[in-house]
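Trainee: here's a sequence, model it:
(2 chains)
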Amino acid sequence: MNRHQKEIFIRGIFAFFAFASVLILALIVMFLFREGLPIFKEVSVADFLFGQEWYPTYDPPAYGIWPLIFGSVIVTVFSCLIAVPLGVLSAVYISEIAPASIKDITKSIIELLAGIPSVVLGFFGMVVVAPFLQDTFDLPTGLNIVNASVILAIMAIPTISSISEDALYAVPSEFKEASYALGATKYETITKVIMPAALSGISTAVILGMARAIGETMVVLMVAGGAAAVPESIFDSVRPMPASIAAEMGEAPFGSGHYHALFAIGMVLFFLTLFFNLIADYISQKFKEVGSATL
Amino acid sequence: MVRKLLAVCLIWLAFGANLALAAESVVIKGSTTVLPIAQAALEVHMKAHPGVNISLSAGGSGDGIKALIDKSTDIANSSREIKDKEITLARAHGVEPVAYTVAIDAIVPIVHPKNKVNGLTIDQLSQIYQGKITNWKEVGGDNLTIVVVSRDSSSGTFESWGHLVLNNARVTPKAQLQASSGAVVQTVSKNRYAIGYIGLGYLNTSVKGLTVNGITASAKTALSKEYPVARPLYMYTNRQPAGETANFIKFVLSPAGQKLVAKEGFVPLIAEEIRKPAQKGKK
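Mentor: Got it, this is the predicted structure:
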């Protein structure tokens, strides 16, 4: 083997690894669609997405997943309300304010948070948060939207915090120096200069955090309660889409309407996360130039 | 080199496939309720008898009996008795269904130990699960909202409950879903508003089992058919089975097989019940 052949060979290996993941993704998507699309022979897309009733095992079955979509969206929105301030502000503190010693500790602890298995967090929500919520607010059930949102927020914080921190870190030091030179205080520099300059990165962080929350399965299966009804209050139980798939797939008869409907829910989830990722990509592309004045 | 490896693989595959074909195989289809029993039994049975190949799939009792009629299965699992219409159809196809009762499925409603309610009627349970009774005071308890805990809709316990208590009416969409009987116990033991239901085998002291129509659920009351939320589970075969099919059913009905039945949360049969075949479907 001469040098040239070796070069081609190595290039081939790298290409193989690069395309392997693309190929795997393509196969998964193909499979998802092949198993999910047949449900639309039984029910129209609109009835599937906006139907109020999810009774897949009854005769006749009802395949409306609106309560499940609503459940997913509401826990995601509430978890963001908790996770975004905590994640972004902790990133600001770590990257701009904290002295080096504290910075190292907080940073590694937040990263440690990302390593906790979701089933452990789910169990925590089930045996600690649920009874606490129930006793404190005198509720019929502690397995509800609030509980699921809090636990999902804990899972989304590391994602939001570490990506935001990278974005803040990437703001050129000339900006800060210029701001201080003009007499701005540290607070003014952070809010008026650094944060706006890092906005695209922070937005990306938030959206990836949301995508993390909406796709999370174990936590919502364990702590969201699992009622397939559109909730009337934030203390009602909901059944987000991943929970429904996880709970029902195991025993749904292969090839039945129920089976295809569960894959179709997977398609809806796939499109939602794809949508989030596209937005994240768009924002980071579009606002890339903003602030990079060091030409 | 690569080619050589490939050839070896092919030979190995062909050889392996031949072996699989040579072994006697048993096909089991049918009820999702009976699935865990059949699954547990076939795992132990296949380990004890290498070379026996048993395939199992669950698509509901009706599917299993349909498969028995068109002879695409050796054993049909069923959580209900075969219907007269199905017997007629089977005979028209030259199939003579024979029923084996393999276990009793008894389901117990459970509440928090501090709940004052000790028993409910079938009708009250049905109303509660349909979302028509929503407060414990309506059934003699404290003034508390009832939190209905149910199983995921594809579980066999859900199906039995829906059939025996709700008469196939829809469970309220507000019912909480838990993916396992263990999770139902966990939820109900932590919540004094809650009511749930589990297979008798899952009952423990962390929750209170309710009487139904005044009768306490136990292996005894389930076997004597006094307890209303119980039903026998069947395996149907075409005529008296022979060969591996017969061996498998014999194993399920043996003390070792019945131990597995109990382990899966069902009521095992007492010795007399095993020998006496069920009435329907016999000549």
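Trainee: what sits against the residue in the stretch 151-283 of chain B positioned nearest to chain A?
Mentor: Of the residues in the stretch 151-283 of chain B, the one nearest chain A is residue B:177, at a distance of 3.1 Å by CB to the nearest CB. For glycine as for every other residue, the C-beta is placed from the backbone atoms N, C-alpha and C. Residues in contact with residue B:177 (CB atoms under 8 Å, 6 or more residues apart in numbering or on different chains) are A:225-228, A:239, A:243, A:247, B:150-153.
Trainee: what do you get for residue B:41?
Mentor: Taking CB under 8 Å, 6+ apart as the contact definition, residue B:41 lies against B:248, B:251-252, B:257, B:260.
Trainee: could I get the residues you listed as a markdown table with distance to residue A:45 and secondary structure?
Mentor: Compiled in a markdown table, these are given as follows (distance: CB to CB, whole Å; DSSP: H, G, I helix; E, B strand; the rest coil):
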| residue | distance to residue A:45 | secondary structure |
| --- | --- | --- |
| B:248 | 45 | helix |
| B:251 | 48 | helix |
| B:252 | 45 | helix |
| B:257 | 48 | helix |
| B:260 | 45 | helix |
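Trainee: within range of chain A, give me the residues from the stretch 51-200 of chain B.
Mentor: Among all residues of the stretch 51-200 of chain B, those adjacent to chain A (criterion: CB under 8 Å from any CB of the partner chain) are B:57-60, B:63, B:144-147, B:152-156, B:158-159, B:168, B:170, B:172-179, B:183, B:186-187, B:190-191, B:193-194.
Trainee: what's the burial count for residue B:209?
Mentor: Residue crowding around residue B:209 was assessed by other CB atoms under 10 Å in any protein chain shown; the count is 20.
Trainee: can you check residue A:206 too?
Mentor: 23.
Trainee: for the nearest residue to residue B:209 once chain neighbours are set aside, give the beta-bridge partners.
Mentor: Leaving out its chain neighbours, the residue that sits closest to residue B:209 by CB to CB, 6 or more residues apart in numbering or on different chains is residue B:108, at 4.5 Å. On the basis of DSSP bridges, residue B:108 takes part in beta bridges with residue B:198.
Trainee: okay, the helix or strand where residue B:104 lies in PDB with CA atoms only?
Mentor: With secondary structure defined by DSSP states H and E, residue B:104 is part of strand B:97-111. Output of strand B:97-111 as PDB, limited to C-alpha atoms (Å, rounded to 0.1, in the frame of the first residue of the first chain):
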ATOM      1  CA  PRO B  97     -61.400 -26.900  20.800                       C
ATOM      2  CA  VAL B  98     -60.500 -28.400  24.100                       C
ATOM      3  CA  ALA B  99     -60.200 -26.000  27.100                       C
ATOM      4  CA  TYR B 100     -57.600 -26.100  29.800                       C
ATOM      5  CA  THR B 101     -58.100 -23.700  32.800                       C
ATOM      6  CA  VAL B 102     -54.500 -22.600  33.600                       C
ATOM      7  CA  ALA B 103     -55.100 -20.000  36.300                       C
ATOM      8  CA  ILE B 104     -57.600 -17.700  37.900                       C
ATOM      9  CA  ASP B 105     -57.300 -14.000  37.400                       C
ATOM     10  CA  ALA B 106     -58.600 -12.100  40.500                       C
ATOM     11  CA  ILE B 107     -58.400  -8.400  40.600                       C
ATOM     12  CA  VAL B 108     -58.700  -6.400  43.900                       C
ATOM     13  CA  PRO B 109     -59.600  -2.800  44.200                       C
ATOM     14  CA  ILE B 110     -57.200  -1.100  46.600                       C
ATOM     15  CA  VAL B 111     -57.200   2.200  48.600                       C
END
